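A.B. asks: how would this look folded up:
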Amino acid sequence: MVGLLAELAAGRVHPNELFAAAWERAEHAEPLNAVVSWVPPSTSVDGPFAGIPTFVKDDEEVQGVATTNGSRAVPDTPAEEDSPFAQQLRQLGLAFVGKSALPEFGLMPTTEPLAHGPTRNPWDLSRSTGGSSGGAAALVAAGVVPIATGNDGGGSIRIPASCCGVVGLKPSRNRLQPTAEAEILPLDIITYGVHTRSVRDTAAFYREIEKIHCELPPIGDVVGPG
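C.D. replies: Next comes the predicted model:
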């Protein structure tokens, strides 16, 4: 992601080209079964990550697109507005390509819902991506997008990161926007996060999003080992 931002800043590539490339790569990655739905094309010219394409996990509301939660029991009704977290992602300038797969309601450590079928690991299609953010990890590992969102209660970012060979960090609670589930679950264990292909990209994400929302001391720029 950081490398693509440098290319954008130098004018060697246009945001529309990155979006089109991500869409094409996602279509070629169809055997992974990691994409649940597509978001109408739109790229931002504002924000620190303006023009960077991403996928949003399909338990997050994105305006105009249904949120299935990986379940056949959920009505196929388009969301009326973005969730607070999706709004923050748009503030960063990230361009939504589509929604990524998850197990039913994100409850399993492997992404194999009856609603959409199993998501397959790009390193070996016979293997699991882990879960519950398995679609996001598969799309990043396959090089479809440099960053994709997830959330994590008991390993839902970390397990797919391990299975797919990408970077997945569960941040401390309240470092990012609180999840909607925090208000209804008996324990506040779920946090938002992302999958990326490098520690550098993950550090850049937290550096920028904490300028929008952060209830903890900021991490700031990461320039070397901790």
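
A.B. asks: alpha carbons only for contacts and neighbour counts from here, please
C.D. replies: Noted.

A.B. asks: where exactly do the strands run in this structure?
C.D. replies: 35-38, 53-57, 95-100, 120-121, 124-128, 147-152, 167-168, 191-196 (DSSP state E).

A.B. asks: which of the residues in the first one are buried?
C.D. replies: When burial is assessed from 16 or more other C-alpha atoms under 10 Å, strand 35-38 yields the following buried residues: Val35, Val36, Ser37.

A.B. asks: centre of the chain to it, how far?
C.D. replies: 12 Å (C-alpha atoms, centre = their mean, to the nearest Å).

A.B. asks: and the second one, by the same measure?
C.D. replies: The offset between the C-alpha centroid of strand 53-57 and the centroid of the whole chain comes to 5 Å, using C-alpha atoms, centre = their mean.

A.B. asks: next, the angle from that strand to strand 191-196.
C.D. replies: In terms of direction (axes from the mean of the first three to the mean of the last three C-alpha atoms, to 10 degrees), strand 53-57 departs from strand 191-196 by 140 degrees.

A.B. asks: from here on, call the first residue 18.
C.D. replies: All set: I'll call the first residue 18, so the last point we hit is now strand 70-74.

A.B. asks: packing partners of strand 70-74?
C.D. replies: Counting contacts by 3 or more C-alpha pairs under 8 Å, 6 or more residues apart in numbering; DSSP states H and E, strand 70-74 packs against helix 32-45, strand 112-117, helix 151-158, strand 164-169.

A.B. asks: related to what we said a few turns ago, among the buried residues of strand 52-55, pick out the one closest to Pro177, please.
C.D. replies: Checking the buried residues of strand 52-55 against Pro177 by C-alpha to C-alpha gives Val52 as the nearest, at 15.3 Å.
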